[in-house]
Structures are given as C-alpha cells and as structure tokens.
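A.B. asks: Need coordinates for the following:
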Amino acid sequence: MNYPQENIKPYNKSESKAAQVEKMFDHIAPAYDTLNHALSWNIDKCWRRKAINLLKPFHPQHIMDVATGTGDFAIQACRVLQPKELIGTDISEGMMNIGREKVKQAGLSNRISFAKEDCTSLSFQENRFDAITVAFGVRNFEDLDRGLKEMYRVLIPGGHLVILELSTPEKFPMKQLYALYSKIVIPTLGKMLSKDRSAYTYLPQSIKAFPQGEIMTEIIRKAGFSQVKFERLTLGICTLYFATK
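C.D. replies: Down below sits the predicted model:
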C-alpha cells in the first residue's frame with residue numbers, strides 16, 4: 001500500500017525517496033544532534049528513556065536499532081539494557097560516522113557496531129534479533145509495509161519492536177500551537193543551523209502525512225505483529241508503539 005508520507009521527498013520528484021533521504025542526512029549530519037535536541041527542547045531524551053524501559057523486563061541480548069542516525073538511542077539503550085550486541089543500521093554513512101565517534105568516546109565499541117542497511121531489504125538472516133528499535137525513522141521509509149515486514153522477519157518469535165515517531169497533536173490548544181511551530185520555527189531554525197531549509201521543511205510535512213495512532217497500529221499488525229499498542233507522549237507531539245512477533 002502507498003502511504004502519503006512515502007510521496008514526500010526532501011529535494012525533488014525525480015530521485016527515489018531513499019536516495020534523497022540518504023543525501024539529506026549526510027548533509028545535515030554535523031548539525032543534527034544540536035537541532036534534534038533544540039527542536040524538541042531536549043524532551044526527546046525522556047521519550048527514548050520511556051521506549052527503552054518497555055524492553056527492560058525482557059532483557060534483550062541482540063538488538064538492532066534501525067535508522068540509528070548518530071547513535072543516541074543505541075547508546076542510551078546499551079547503557080540501560082546491557083545487551084551482548086547492539087547493531088545500529090542506517091542508510092546515511094555521514095550520520096553513522098558521527099555515531100561511531102560517540103560510541104568510541106562512550107567506551108561502548110565492544111558492544112555497539114554500525115552497518116549501512118536499507119530497512120526495506122535487510123541483509124540479516126531470519127530470527128536474528130530479540131528486539132528492534134526505531135526512533136524517529138519510520139516516516140522516512142520509502143516503503144513502510146516492506147520495512148515493517150523486514151523487521152518482523154529478522155526478529156525472533158516473541159521478540160519485540162519499539163517505535164518512537166513524531167506525530168501531530170489532535171487537541172486544542174496544542175494542535176494550533178504545534179501547527180505554528182512546525183510551519184515557522186522548525187524550517188527557520190533548521191535553515192540557520194544546518195544550512196538546509198529543504199530538510200527542515202520536509203520534516204514537518206512528513207510528520208503531518210504519516211499515519212499515527214490507531215491507523216499505525218493496524219499497519220503494524222498487517223506486517224504480522226501481535227499485541228500492538230501505542231501511547232501518545234507530550235500531548236501528542238510523539239507517539240510510542242510497542243509490538244510483539
């Protein structure tokens with residue numbers, strides 16, 4: 001199925017979304033962490049902690065962090081969950097190169113590694129991981145259904161999927177305030193710090209178009225997952241999904 005966000009691209013209509021997303025993240029990588037924390041007022045760290053805590057009772061030992069970016073989620077998850085291995089995958093080497101340096105500085109190179117992977121066609125064998133996490137990355141998938149099915153394939157039976165994704169608030173007054181913030185503040189601040197206005201115009205557009213809440217849970221179920229649930233965080237600015245294979 002084709003979802004609205006799959007047709008939203010950062011730069012042009014001719015290149016594939018995956019190629020443009022890779023180019024975009026390579027370009028904004030140096031400013032990404034600063035912007036990410038600034039645009040979310042550092043609340044993103046609390047969202048990550050909440051997502052990681054969902055996995056704590058299951059003690060996953062082999063974790064893949066999809067769309068790992070600069071490795072913030074991977075590092076935080078590794079420190080809390082203490083797995084034997086954590087592989088961060090992404091299509092942007094520019095982002096992962098920053099992540100590799102952060103992992104090295106954190107002294108976690110023996111447990112966290114990075115691999116360039118297309119989420120819609122993963123190179124890993126079936127039943128490879130007991131947990132998969134995705135923080136703020138699924139809306140960038142070129143094919144959401146294929147990406148979810150691939151994650152299902154490489155999870156062990158009983159394994160867990162945790163997704164954090166930005167979403168649009170639905171209730172007054174946060175809905176109206178967020179609309180102004182995403183239309184004016186995000187593109188302006190993004191252009192100032194990253195020198196790439198297109199990237200931070202794409203961000204709110206892709207968030208607005210992305211299926212959320214009950215609709216997203218049905219899409220996750222369609223990929224094969226069971227026990228799918230979701231929780232809106234910070235008045236709906238972010239949504240947390242949790243599912244089991």
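A.B. asks: how about the helices of this structure, start to end?
C.D. replies: In chain order, the chain shows helices spanning 17-39, 44-55, 72-81, 93-106, 144-154, 174-180, 186-194, 197-209, 214-222, with DSSP state H as the criterion.
A.B. asks: by how many degrees do the last one and helix 144-154 diverge?
C.D. replies: When axes from the mean of the first three to the mean of the last three C-alpha atoms, to 10 degrees is applied, the directions of helix 214-222 and helix 144-154 differ by 50 degrees.
A.B. asks: Tell me which residues are up against helix 214-222.
C.D. replies: Outside of helix 214-222, the residues within contact range by C-beta atoms under 8 Å, 6 or more residues apart in numbering are 3, 144-145, 148, 161, 163, 165, 210-211, 228-230, 239, 241, 243. For the C-beta atoms, the positions are set from N, CA and C on the backbone; glycine is no exception.
A.B. asks: Out of those residues, name the ones that lie in strands.
C.D. replies: When DSSP state E is applied, the contacts of helix 214-222 are split such that Leu161, Ile163, Glu165, Val228, Lys229, Phe230, Thr239, Tyr241, Ala243 fall in strands.
A.B. asks: Tell me the bridge partners for the last one.
C.D. replies: Right, the one you point to is Ala243. The partner list for Ala243 in beta bridges (DSSP bridges) reads Leu161.
A.B. asks: okay but it is in contact with Gly159, surely?
C.D. replies: No: using C-beta atoms under 8 Å, Ala243 makes no contact with Gly159, being 9.6 Å away.
A.B. asks: rewinding a little: so which of the helices of the chain comes closest to Glu126?
C.D. replies: With respect to Glu126, and counting by C-beta to C-beta, the nearest of these is helix 144-154 at 5.5 Å.
A.B. asks: tell me what that closest one is packed against?
C.D. replies: Packed against helix 144-154 by the contact rule (3 or more C-beta pairs under 8 Å, 6 or more residues apart in numbering; DSSP states H and E) you find strand 62-66, strand 129-135, helix 214-222.
A.B. asks: Quick check: buried residues in that helix?
C.D. replies: By neighbour count with 16 or more other C-beta atoms under 10 Å, helix 144-154 contains the buried residues Leu144, Asp145, Gly147, Leu148, Glu150, Met151, Tyr152, Arg153, Val154.
A.B. asks: And stretch 198-218, by the same measure?
C.D. replies: Of the residues in stretch 198-218, those scored as buried under the neighbour-count criterion (16+ other C-beta under 10 Å) are 198-208, 210-212, 216-217.
A.B. asks: okay, how far is it across it, tip to tip?
C.D. replies: Start and end residues of stretch 198-218 are separated by 31 Å (C-alpha to C-alpha, to the nearest Å).
A.B. asks: what does stretch 166-175 give?
C.D. replies: 13 Å.
A.B. asks: Please report the distance of Arg146 from Asn97.
C.D. replies: The gap separating Arg146 from Asn97 is 26 Å, by C-beta to C-beta, to the nearest Å.
A.B. asks: right, I mislabeled it, should have said Lys175
C.D. replies: Counting by C-beta to C-beta, the separation of Lys175 from Asn97 is 38 Å.
A.B. asks: who's in contact with the nearest residue to Pro60 once chain neighbours are set aside?
C.D. replies: Nearest residue to Pro60 in three dimensions, chain neighbours excluded: Ala131, at 3.5 Å (C-beta to C-beta, 6 or more residues apart in numbering). With contacts taken as C-beta under 8 Å, 6+ apart, Ala131 has the following neighbours: Leu55, Phe58, Pro60, His62, Ile63, Met64, Pro83, Leu155, Gly159, His160, Leu161, Val162.
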